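Engineer: model this:
(chains A and B)
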Amino acid sequence: MIILPIFLPLFLAVICLLAWNYPYIQRWVALLGSLALVVVSGWILLDVSNHGLLVLQSGNWPAPFGITLAVDGLSAIMVLLGSLVGLVVAVYAAGSMDMARLRFGFYPLFFILLMGVNGAFTTGDLFNLYVWFEVMLMASFVLMALGGERQQIEGAVKYLILNLLASMLFLSAIGLTYNLAGTLNLADLAVQLNKVSPGGMVTLVSILFLVAFGIKSAIFPLFFWLPASYHTPPVAVTALFSGLLTKVGVYSLIRVFTLLFTQDTTYTHTILLVLAGFTMVTGVFGAAAQLDFRRLLSFHIVSQIGYLIMGLGLMSREALAGTIYFMGHVILAKTALFLIAGLVERMQGSYDLKKLGGIYRLKPAMAVLFLLPAMSLAGLPPLSGFFAKLILVAAGLRLQQYAIVAAGLFVSLLTLYSMTKVWNEVFWKEPKQASPEMSQPDELKTGHIGWMWAATIGTVVLMLAMTVFADPMLAVADRAASQLLSPDVYISAVLRGGR
Amino acid sequence: MALLLSISAGVLFTAGLYMVLRRSLVKILVGLLLLGYAVNLLLFSSVGLIPGHPPILPRDPAQPVADPVPQALILTAIVISFGLTAFAVGLVRQVYQVLGTDDTNELQCTDLACELPSLAYKPAEGETVDENEMVQPEAEDHGKEDHS
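Structural biologist: Numbering: from 1, shown residues only, chains lettered A, B, ... in the order given. I've put the predicted structure just below:
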C-alpha cells in the first residue's frame, strides 16, 4: 500500500505515454488517475493516524541495508496535500493547457513529477531522497521549458543551474554523512549520529544540508531563482510547482532537522529562526514592488516559506503542529491564487496589474474567489491563515522568541497590503479600455473554461474546509508533530519492524 | 593515494566553483560538470580506500573488504548527472537559438521589465533534438522517446 503513491503515478505516466498521440485520452487518464491518487493518499493518512507508522523494506532487505520506505504522520499529510494539488491542477490543465504542450507530453511529465514528489515524501533513506529529488527536478525542468517561449527558456536555465548546484551540495553532504556515520538509512543515521562525538563535523554537515535544501525550498539568501523562473510557464505548471516543489524542500528540512540533527539545536535552530525571519521579510518586500500578477505571487511563495521554517526553528510540539497546519493552508491558498491569476489572464489576456481592471464588475464571483484565499494568506480572522499564524505566534511567544513573532505579524500586515494592491488594480478599478483584449481565446486550441472554474472553486472550497474543520485537522497535525519530536517511534518502527 | 584523491577533489571543487561563476552559459555548464566529478571523488573517498580488495565478502573474515555502498552511490550519481547534463546541454543550445546570446548578463528579462515580442510556440528542430537527448533511466523518460 505504501508503494502506491509512487507506483500509481508511474503506471499512469506509462499509460499517458502509450496514448502519446491522443491528448484527450491522456486528459481523462490524468483526471481519473489523480482522483485515484487522492483516494489512495487519504486512505494512507487514515491508516497512519489509526495504526502508527507504515514501513516497507524494499526487496525484504532488513533496515539499514536495503532501501526503506517509511510513512509517518508528516509524510502521509504531505502525500495527501501533494495529491490534492495534483488533482486540482489536472482539472485546471484540462481547461487551460494548449494543444502544443499537450502534444509534447505535459501529462506524462505531470505524473513523473508527482511520482518524484511522493517518493521524496515517503522514502526513509537519504540517498534515495536524493534520487527522488532528481526525478522530480528532471520532470520540472522539462515542464518549465515545455512550450519554448522566450521567457520560459530564460527562466528554465536559471532554475536549472541553481537547482543542479543545490543537488551537488546535497550529494556532498550525503558523502560526508556517510563518512561520519557509515549509514544512510534515516532511522539508523538518527542512532549513529548521536554516537559520533558532538561538535564540529556534525554541525558542519547539517549546515551543508541546510544550504542544499535551502536552495530548493527558496529560503532567504538562496531564493533568487524562484521569482526569476516561476512566473514563466503556464499557470497550471506554476501552481503545481508552487504547491509541491518548494514544499518538498521544506519537508526535507523538517525531516533532517527533527530526526538527524538535534544534537546542537541552540546553534542550528537559531540559524533557522533568523533565516525564517529574513525569508518572510525579503519575500514580502519583493512582492510589494511587483506589478505582474504572477511575479507578485511568486514572491509571496518565498515569504510564506518563512513561516514554515519559523515553526521548525522554534522546535516545540505546538510550533511544529502549526507548521504542518500552515503547510496545508499555504499550499491550498497559494494554488488558488495562482489559478485565479490564470483565470484573469484568460479573461483579459494579461498578467500586468496596470493593464487589468474591472473584474469585480464583470465577474463578481471571481472577485470573491480571489478575496477568500487572499485574505486567508494575509491571516484575517475567520480563515485558515489566521489559525495557522495564531498557533505559530502563540508558540513563539511561549518560547519568548519575540523578534520572530514581531516579524511574522509585520509580514502579515505587508501581505495584506500587497493583496489589497492586487484587489484594487485587478478587481476594483475601472477597466482601462473597452474590450479589445477581452476576446475569448480559441476554445478548440485549449480546453473549456469551465474546467478552470471548477478547479479554482474546488481549491477555495478545500481551503474553507480547512477553516471549518480546523479542530480535527489540527489534531492530525499535532499527532504528526508529536511523532516528529519523539524520533524513537520512527527509529523503532524502521529498525525493529514496527507493527 | 587517499591524499591525492582528496587534493584532486578539492581542486575540482575550486575549478568547478570558479567556472560556475563565469558569465558564459557553456562555461557554467562545464563548471557544473567539474563539480559533479568533485562530488563523486568526495563520495568515493568518504569511507577511505581499501586497495586491492573487491567489495565482496571474502571467505576469510580477517581479510579487509572494500565498502560497496559508495561505489553504488557514485554509479547512481553518474547516471543521474549524465541525464541532467544532456538536458542542460540541450537547454543551453535552445537558449542560444531563442535568445541569441549565452551571456548571463543579458538574460535579465525574467527579473526586469523588458519589452520582448513573446514568440509563439513552434516545435523547432532544436527542440526535438533536446527531447531525444534526454535519456534518463531514473525518470522513465526514455519510454517517451519510443513513442514520440
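
Engineer: helices and strands around the helix or strand that contains residue A:191, which ones?
Structural biologist: Here residue A:191 sits within helix A:186-195, counting by DSSP states H and E. Judged by 3 or more CB pairs under 8 Å, 6 or more residues apart in numbering or on different chains; DSSP states H and E, helix A:186-195 is in contact with strand A:68-71, helix A:150-181, helix A:487-495. Heads up, the C-betas are built off the backbone N, CA and C, glycines and all.

Engineer: rank the ones you listed by mean pLDDT and give me the bottom one.
Structural biologist: Out of the helices and strands packed on helix A:186-195, helix A:487-495 stands lowest, with a mean of 86 (criterion: mean pLDDT).

Engineer: contact partners of that helix?
Structural biologist: A:52-53, A:55, A:63-64, A:68, A:70, A:72, A:124, A:185-188, A:190-191, A:258-259, A:262, A:483, A:498-499 (CB atoms under 8 Å, 6 or more residues apart in numbering or on different chains).

Engineer: repeat that with 7 Å
Structural biologist: Contact partners of helix A:487-495, identified using CB atoms under 7 Å, 6 or more residues apart in numbering or on different chains, comprise A:52-53, A:55, A:63, A:68, A:70, A:72, A:124, A:187-188, A:190-191, A:259, A:483, A:498.

Engineer: show me which of the residues you listed are buried.
Structural biologist: With burial judged by 16 or more other CB atoms under 10 Å in any protein chain shown, the buried subset of the contacts of helix A:487-495 is A:53, A:55, A:63, A:68, A:70, A:72, A:124, A:187-188, A:190-191, A:259, A:483, A:498.

Engineer: how about a markdown table for those residues, with distance to residue A:354 added?
Structural biologist: Below are those laid out as a markdown table (distance: CB to CB, whole Å):
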| residue | distance to residue A:354 |
| --- | --- |
| A:53 | 52 |
| A:55 | 54 |
| A:63 | 58 |
| A:68 | 53 |
| A:70 | 50 |
| A:72 | 48 |
| A:124 | 50 |
| A:187 | 54 |
| A:188 | 56 |
| A:190 | 53 |
| A:191 | 58 |
| A:259 | 48 |
| A:483 | 49 |
| A:498 | 57 |
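
Engineer: what's the closest of those residues to chain B?
Structural biologist: Nearest to chain B among those, counting by CB to the nearest CB, is residue A:188 at 12.3 Å.

Engineer: which ones are touching the closest one?
Structural biologist: So residue A:188 contacts A:63, A:64, A:495 (CB under 7 Å, 6+ apart).

Engineer: a strand runs through residue B:56, doesn't it?
Structural biologist: No - counting by DSSP: H, G, I helix; E, B strand; the rest coil, residue B:56 is not part of a strand but coil.

Engineer: residues contacting it?
Structural biologist: Residue B:56 sits next to no residue when contact means CB under 7 Å, 6+ apart.

Engineer: quick check: it vs residue B:71, distance?
Structural biologist: Plainly put, residue B:56 is 12 Å away from residue B:71 if you go by CB to CB, to the nearest Å.

Engineer: where are the low-confidence patches of the chain?
Structural biologist: Defaulting to chain A. A:198-199, A:432-446, A:497-499 (pLDDT under 70).

Engineer: chain B is the one I meant
Structural biologist: For chain B, applying pLDDT under 70 flags the ranges B:110-148.
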